[in-house]
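Participant: Model the following, please.
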Amino acid sequence: QVQLVESGGGLVQAGGSLRLSCTASGRLWTPIYDMAWYRQAPGKEREFVARISGIGGSSYGESYEESVKGRFSISRDNAKNMVYLQMNNLQPDDTATYYCNMPVRGYWGQGTQVTVSS
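Facilitator: Okay, here's the model as predicted:
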């Protein structure tokens, strides 16, 4: 099992920044796996935001949904079992519940709410 716990959400004005954190734990947790962030706005489907490769992966790197490129940055601290999402220049359209995800195993966190006011 893997437990993912998100934190760092909140209310911010347009143009502001937030950093989301995801703490991973459990006997199946290992930093070799890719990690990702998704978000779900009210009345909409959950959508991909960003993904980062695990260590030792054949193509270490990051990928982003088009609308967040240049504003969001995903990173990880494997020594602390943490995954981060730095979000800059937030806009009202970024308002959503943000979820941490381990794609290969299908684990999800409970989500953290981000609200951006105009």
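Participant: In contact with Gly70: list those residues for me.
Facilitator: Going by CB atoms under 8 Å, 6 or more residues apart in numbering, Gly70 touches no other residue. Backbone N, C-alpha and C define where each C-beta goes, glycine included.
Participant: what comes into contact with the one helix or strand Phe48 maps to?
Facilitator: Element membership for Phe48 (DSSP states H and E) is strand 47-52. For strand 47-52, contacts defined as CB under 8 Å, 6+ apart pick out 34-40, 61-65, 68, 72-76, 83, 85, 98, 103.
Participant: cutoff 6 Å now
Facilitator: 34-39, 62-65, 68, 72, 74, 76 (CB atoms under 6 Å, 6 or more residues apart in numbering).
Participant: Equivalent analysis for stretch 82-91, please.
Facilitator: For stretch 82-91, contacts defined as CB under 6 Å, 6+ apart pick out 12, 14-23, 35, 37, 71-76, 116.
Participant: Determine how far that stretch lies from the middle of the whole chain.
Facilitator: Centroid separation for stretch 82-91 versus its chain: 8 Å, with CA atoms, centre = their mean, to the nearest Å.
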